Every structure is written in structure tokens, then in C-alpha cells.
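Peer 1: Below are the sequence and a predicted model for it; my questions follow.
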Amino acid sequence: METQLKNATEISSTKTVKSIHFLTFPQVSEQDLLAAWELMRSLAWTLSFQGQELQVTFGGFDEGSIPTHMGATLEGQRVITASDRFDVLYIPGGIGGGVASKDKRILNLIQAHHNEGLWVAANCSGVGILHRAGILQGLEVSSTGILARRLQQLGTAVTSPRLAWRIDDDKKIMTSGGAGTVHPSTIALVWKLFGEEAAKGLSAAWDSLPLHGNSLFSADGPVMNDIPELLSGVQDQFEMIFLPD
């Protein structure tokens, strides 16, 4: 009976989530964007053999190539509009997150998804964009170490100790840390949205399960072992770039 209930939950989640879009902007991080996108594309490929469809795309509001923060150039898969909606809207990070956090088109899109009860996820400086969109009030979130201090100062609570990721099922928001957390937090999001069986298969295929174990299948990621003197140094250097006034 327990197995039947679990399978029913997994099927229900898969039916609900049919589209995941990764929002791009100039100087988006290659790793923050593409690592999570590739994992979700792999999941979509697996689901296709089960007769299920999952659309996974990336792109932004502007036409043309997307310059990333380490100098690569990407071609977006689609240009989005203010009226577009996705079951999951994912905001990656990168140096460009600071400028993106002031882009009204991006903020309005995030607010619309949140207000309509759709999932919103973010990593790295993308969490700062969610803060500026005003959807993190009353939540305790995960964050890149670079933004942890500044978010606290601006009124968004960051878990203490800082966690690699946090998934709030009620608010349908996932927040995660910097680039090192992107891979495992994406597996955790798959666990939440598609069930443990899907997450275990994906994590085993991508060698994440042997490394991270069952911590992948949790709404709260493992504790980040910050080194205070090093963390304050990178915060001093980058926090106002990632989330400027």
C-alpha cells in the first residue's frame, strides 16, 4: 500500500509539472544556469521514454546572443514575454544578477508566477533577485555565502547555520547557495517535484548519489561549513555587485 501511494504521488507530480524555464540575462553564470538545465533536460529525456512530456528551456526577454559572466556566449532557446507562464520558473545566478535584480520585466515575471501559485526556484545571486521581487517575506531561505549578510541586513532571513538549499513546499519556492550547491539542489528539486524514484535514478546516473547520499532527498540541504574570515572577505568584494542598492 505504501509503495502504491508513493507511485501515485510521483505520477501526480509529474502530471502537474510540464514546463521548466531557466531565465537568462546578460552575465548569467554558465554553471548556475547550465548545470541545473542539463539535469532537468536529462530528466525530460528519461520521462519521454515513459510517454511523459517535460519541456525544459532557457532564454530571456531580449533577442540575440546571451553573454555569460565568464565570457562564453549562448543562444537562447526561446525569447519570453511578460505573459508567458511555466510550471517552474528558475532564476540562476552570476555577476549579472545585480543588474537583473533591477529589471522590472524580470521582477514582474517572478511576482506573477508566485502570485499564481507556480514554482519559483533560484540559486546564487538569483536569490537576491527573488528578494527584490518581494516574494521571500516571512521565509527563511538558503543563499550563497556572498549574499547571506546583505540579505539579512535587507530583511530576508537566511538559515543559520547556512544550508545548501531550502525548499518551501507551501510557498513553492526553492532557494540554494552558490555554484557548488547547484547540482545537488537540482536533484533535491527533482525529488520534490517528481518523486524519490525519479531523483534516485537521475542522481545515480550523474554520480551525485554516491557522493551526496540521501541528503539529496530532503527539503533542507546539508549545512555549509563557512569559514568566517574568508566569507567576510568575499562578501566585502562581491555583495554589492550581486545585489546593489
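Peer 2: In hand now; what should we look at?
Peer 1: all helices for the chain, in order.
Peer 2: Ranges of helices in the chain, per DSSP state H, are 2-16, 30-48, 97-100, 104-115, 126-133, 145-153, 182-194, 196-205, 208-212, 228-242.
Peer 1: Convert the C-alpha atoms of the last one to PDB, please.
Peer 2: Provided in PDB are the C-alpha atoms of helix 228-242 (Å, rounded to 0.1, in the frame of the first residue of the first chain):
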ATOM      1  CA  PRO A 228      34.000  33.400   8.700                       C
ATOM      2  CA  GLU A 229      37.200  35.300   7.800                       C
ATOM      3  CA  LEU A 230      37.100  34.000   4.200                       C
ATOM      4  CA  LEU A 231      33.400  34.600   3.900                       C
ATOM      5  CA  SER A 232      33.500  38.200   5.100                       C
ATOM      6  CA  GLY A 233      36.300  38.900   2.500                       C
ATOM      7  CA  VAL A 234      34.200  37.700  -0.500                       C
ATOM      8  CA  GLN A 235      31.100  39.400   0.900                       C
ATOM      9  CA  ASP A 236      33.100  42.700   1.100                       C
ATOM     10  CA  GLN A 237      34.200  42.200  -2.500                       C
ATOM     11  CA  PHE A 238      31.000  41.000  -4.200                       C
ATOM     12  CA  GLU A 239      27.800  41.500  -2.200                       C
ATOM     13  CA  MET A 240      27.100  45.000  -3.700                       C
ATOM     14  CA  ILE A 241      27.700  43.600  -7.200                       C
ATOM     15  CA  PHE A 242      25.400  40.700  -6.700                       C
END
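Peer 1: who's the residue nearest to the spatial centre of the chain bridged to?
Peer 2: Nearest to the mean C-alpha position of the chain, by CA atoms, centre = their mean, lies residue 122 at 3.1 Å. Residue 122 has these beta-bridge partners by DSSP bridges: residue 91, residue 175.
Peer 1: Highest mean neighbour count out of the helices of the chain?
Peer 2: Scoring these by mean neighbour count under mean count of other CB atoms under 10 Å gives helix 126-133 as the most buried, with a mean of 27. Quick note: C-beta positions are derived from backbone N, CA and C, even for glycine.
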